[in-house]
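**Student:** Next comes the sequence, and after it the predicted model I'd like to discuss.
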Amino acid sequence: MTRRFLQYSLERGRKIAVVLMAGGAMKKTNLTVTAMDDAGFDALLPGRKRAVHFAFDDVLTATYARGDDGNLDPEMDV
């Protein structure tokens, strides 16, 4: 299910909320996925100008970011 949220962010350019395992500690953050491959994904984090690469196993859970309920505009459904 977490990959579906990552794909949603990539396709729609929307932020999602994720809990990552980083440096042995859990960290909750919002991010926007910019690219995906077999090994993981690249994402823009708040306050960063460059995308950071993460492995899929680093994501513990994902959900819609605050203010996003997943409803899609009819114009975006192509």
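**Tutor:** In hand now; what should we look at?
**Student:** Just the buried positions in the biggest strand by length in the chain, please.
**Tutor:** Ranked by residue count under DSSP state E, the longest strand found in the chain is strand 25-36. By 16 or more other C-beta atoms under 10 Å, the buried positions in strand 25-36 come out as 30-33, 36. (C-beta placed from N, C-alpha, C; glycine too.)
**Student:** if we take those, which one ends up nearest to Arg3?
**Tutor:** Met36 (8.5 Å; C-beta to C-beta).
**Student:** The nearest residue to that closest one once chain neighbours are set aside in helix, strand or coil?
**Tutor:** Nearest non-adjacent residue to Met36, counting by C-beta to C-beta, 6 or more residues apart in numbering: Leu10, 5.8 Å away. With DSSP: H, G, I helix; E, B strand; the rest coil as the basis, Leu10 sits in helix.
**Student:** just the strands in the chain please.
**Tutor:** 16-22, 25-36, 40-44, 52-55, 59-64.
**Student:** Give me the helices and strands touching the shortest one, please.
**Tutor:** Helices and strands touching strand 52-55, as assessed by 3 or more C-beta pairs under 8 Å, 6 or more residues apart in numbering; DSSP states H and E, comprise strand 40-44.
**Student:** so Tyr64 bridges to which residues?
**Tutor:** Ile16 (DSSP bridges).
**Student:** list the contacts for it?
**Tutor:** Counting by C-beta atoms under 8 Å, 6 or more residues apart in numbering, Tyr64 makes contact with 5, 16-17, 70.
**Student:** Adding neighbour count, pLDDT and distance to Gly40, write those residues out as CSV.
**Tutor:** CSV is the format used below for those (neighbours: other C-beta atoms under 10 Å; pLDDT from 0 to 100; distance: C-beta to C-beta, whole Å):
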residue, neighbour count, pLDDT, distance to Gly40
Phe5, 21, 93, 14
Ile16, 23, 95, 15
Ala17, 16, 95, 18
Gly70, 10, 71, 23
